[in-house]
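*Asks:* how would this look folded up:
(one chain, ligands or ions: 2)
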Amino acid sequence: MAVGGTLLKLEALSKSFGGLRAVNNLSFEVKAGTITSLIGGNGAGKTTAFNLITGNLAPDAGHIAFRDTRIDGLPPHKVARAGIARGFQELRLFNRLSARDNIEVAIPGQRGEGLVRALIGGRGLRKERDATTARSGALLRELMIESQGHALAEQLSYGQQKLLSLGRLLATEAELLLLDEPTSGLSPDMINDFCTRMRALTKVGKTILLIEHNVEIVMQLSDWVVVMHQGTMIAEGKPEDVRNNVTVMHTYLGITS
Ligand SMILES: Nc1ncnc2c1ncn2[C@@H]1O[C@H](COP(=O)(O)OP(=O)(O)OP(=O)(O)O)[C@@H](O)[C@H]1O
Ligand SMILES: [Mg+2]
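*Replies:* Ligands and ions are numbered 1, 2, ... in the order given. Next up is the predicted model:
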């Protein structure tokens with residue numbers, strides 16, 4: 001997708017839980033090669049919007065298009081295969097697998113190592129295995145957790161676990177990354193590192209949709225900001241424009257002067 005073209009488009013999306021309209025007539029676009037932040041207070045509907053995009057929830061109404069193809073109604077594995085990878089607020093690592101294995105299981109296109117393939121697979125299987133090992137090694141290096149490759153995910157520090165979770169997203173080769181509060185719990189140094197990484201990712205063809213509570217990060221990092229309140233979008237624009245939006249200041253930033 002050419003930089004600046006519309007990669008993801010949400011149109012009049014709604015989702016209710018019982019009487020609660022968690023997402024209410026939500027429309028916005030994510031342009032290819034940009035970082036778009038989805039912000040709003042607790043319960044604004046941000047994670048629900050992610051769940052609708054990824055197919056974890058079906059919308060009650062509205063459409064979602066990715067690269068001009070409808071994806072609403074598709075199951076999560078098909079949305080993932082289309083090129084959308086999603087990180088969770090809780091990291092969802094395989095705690096009892098090594099860091100390297102956590103990445104390798106996320107690499108697509110592996111045909112598995114069934115008994116028959118093991119018997120007759122021969123060179124093809126070995127080549128595939130080597131490619132997987134090379135790819136996971138490169139990602140571990142890139143994330144600077146190479147020395148932890150053999151450690152169990154649960155033995156990593158929280159910051160390293162966050163990086164590993166990012167590594168699992170990158171392993172999918174998805175073009176669009178949905179990140180749900182990726183900086184929560186990180187030290188200032190790690191937050192800086194994260195911001196640098198996000199920018200670098202857009203330079204290599206990734207597009208990022210970010211749920212982020214840290215206003216400074218939103219202001220620094222985003223090309224576009226979408227502000228949600230009680231399920232609806234109350235403002236969108238460039239960071240400097242959204243910061244100046246009075247409604248936003250009152251409802252989200254908590255600034256009343
Ligand atoms: N599966 C569900 N069943 C019932 N209600 C839900 C469900 N998921 C979310 N909700 C409700 O929908 C509303 C929006 O929740 P959501 O998790 O999307 O908010 P959020 O913007 O991600 O908030 P936070 O910043 O706290 O993560 C909340 O009132 C929440 O309690
Ligand atoms: Mg949430």
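*Asks:* Any regions of this structure where pLDDT drops low?
*Replies:* Scanning the chain for pLDDT under 70 picks out 1, 111-121, 246-247, 249-257.
*Asks:* ok, which stretches of it are strands?
*Replies:* 6-17, 20-31, 35-39, 61-66, 69-70, 84-86, 176-180, 207-211, 224-229, 232-237 (DSSP state E).
*Asks:* Check which helices and strands the first one sits against.
*Replies:* Pointing back at strand 6-17 there. Under the contact criterion of 3 or more Cβ pairs under 8 Å, 6 or more residues apart in numbering; DSSP states H and E, strand 6-17 touches strand 20-31, helix 46-54, strand 61-66, strand 207-211. In short, each C-beta sits where N, CA and C put it, glycine included.
*Asks:* could you redo the last one with a cut-off of 6 Å?
*Replies:* On a contact count with 3 or more Cβ pairs under 6 Å, 6 or more residues apart in numbering; DSSP states H and E, strand 6-17 meets strand 20-31, helix 46-54, strand 61-66.
*Asks:* got the contact list for residue 106?
*Replies:* Residues near residue 106 by Cβ atoms under 6 Å, 6 or more residues apart in numbering: 168, 171-172.
*Asks:* how about a cut-off of 10 Å?
*Replies:* Neighbour list for residue 106: 80, 85, 94, 136, 139, 165, 167-174 [criterion: Cβ atoms under 10 Å, 6 or more residues apart in numbering].
*Asks:* need the strands of the chain in JSON lines with distance to residue 146 and mean neighbour count, can you?
*Replies:* JSON lines is the format used below for the strands of the chain (distance: least, Cβ to Cβ, whole Å; neighbours: other Cβ atoms under 10 Å):
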{"stretch": "strand 6-17", "distance to residue 146": "31", "mean neighbour count": "18"}
{"stretch": "strand 20-31", "distance to residue 146": "32", "mean neighbour count": "19"}
{"stretch": "strand 35-39", "distance to residue 146": "26", "mean neighbour count": "25"}
{"stretch": "strand 61-66", "distance to residue 146": "33", "mean neighbour count": "18"}
{"stretch": "strand 69-70", "distance to residue 146": "37", "mean neighbour count": "10"}
{"stretch": "strand 84-86", "distance to residue 146": "22", "mean neighbour count": "24"}
{"stretch": "strand 176-180", "distance to residue 146": "22", "mean neighbour count": "23"}
{"stretch": "strand 207-211", "distance to residue 146": "24", "mean neighbour count": "24"}
{"stretch": "strand 224-229", "distance to residue 146": "34", "mean neighbour count": "24"}
{"stretch": "strand 232-237", "distance to residue 146": "39", "mean neighbour count": "19"}
